[in-house]
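sequence and predicted structure are below.
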Amino acid sequence: MLKKTRWLLLPLLALAPLSSVQASGLREGADQGHDVTISPVASGLSRTASGAMGTARLSPIAASGDPDEVQNKWIGCSVDVTPLSVLVRCSASNAVDSLFCTSIDPAFVAAVSSMSSDAKVTFTAAPNTTCVRIIIENNSKYQQKVN
């Protein structure tokens, strides 16, 4: 009888983590300030974009206020590798603005390579669009993408 009980409980225990993953409302998202934000244009000054990728994926925005017109926002970074070069590119967009930067700095390449698909990304672009700072936050508190 004891063996039957164990076999009945194992499937129930295996399902337990699924319910916590589906409770995405418990993760930090737009309401906690992790939506895609881009600092305003100021002549000659660096600008910063920040946002959690999962939050950006889950919340399309109306560009004109028309509920039928949807503009997706995004934020992220990529690494472009050739036999002769490596280039990091970070970009962000929301209903108001967009920003991008590029870099060949090996430290930035390493940071972007460590990024998860649900990370929070913050990057700063100099006026010449060179990345001067990249922060990658891989943390379980951020809202995850839709599975």
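Structure received. Just so it is clear, the model here is predicted, and its values are computed rather than measured. Numbering: from 1, shown residues only.

what segments of the chain are helices?
With DSSP state H as the criterion, the chain has helices at 2-22, 53-58, 106-113.

ok, how many other residues are close to residue 92?
By other Cβ atoms under 10 Å, the residues close to residue 92 number 27. No exception for glycine: its C-beta is placed from N, CA and C like everyone else's.

which ones are touching it?
Going by Cβ atoms under 8 Å, 6 or more residues apart in numbering, residue 92 touches 36, 38, 49-51, 73-76, 98-100, 121, 123.

what about burial for those, which qualify?
Buried by 16 or more other Cβ atoms under 10 Å: 36, 38, 49, 50, 51, 73, 75, 76, 99, 121, 123, out of the contacts of residue 92.

what is the most widely separated pair among those residues?
73 and 123 (15.1 Å; Cβ to Cβ).

before we move on, the earlier item: of the contacts of residue 92, closest to residue 115?
Taking Cβ to Cβ as the measure, residue 115 lies nearest residue 121 of those, at 7.1 Å.

check contacts around the nearest residue to the closest one once chain neighbours are set aside.
Nearest residue to residue 121, sequence neighbours excluded (Cβ to Cβ, 6 or more residues apart in numbering): residue 75, at 5.3 Å. Residue 75 is in contact with 36, 49, 50, 51, 53, 56, 90, 91, 92, 93, 121, counting by Cβ under 8 Å, 6+ apart.

closest one of these to residue 82?
Nearest to residue 82 out of the contacts of residue 75 is residue 90 (Cβ to Cβ; 18.6 Å).

right, and that closest one touches residue 133 too?
No: using Cβ atoms under 8 Å, residue 90 makes no contact with residue 133, being 10.1 Å away.

what comes up buried for stretch 85-93?
88, 89, 90, 91, 92, 93.

count of neighbours near the closest residue to residue 86 other than its chain neighbours?
In this structure, residue 86 finds its nearest non-sequential neighbour in residue 109, 5.4 Å apart by Cβ to Cβ, 6+ apart. Residue 109 sits with 19 neighbouring residues when counted by other Cβ under 10 Å.

how much space between residue 109 and residue 88?
Distance, residue 109 to residue 88, by Cβ to Cβ, to the nearest Å: 6 Å.

mutual contacts of these two, please.
Common neighbours of residue 109 and residue 88 (Cβ under 8 Å, 6+ apart) are 79, 103.
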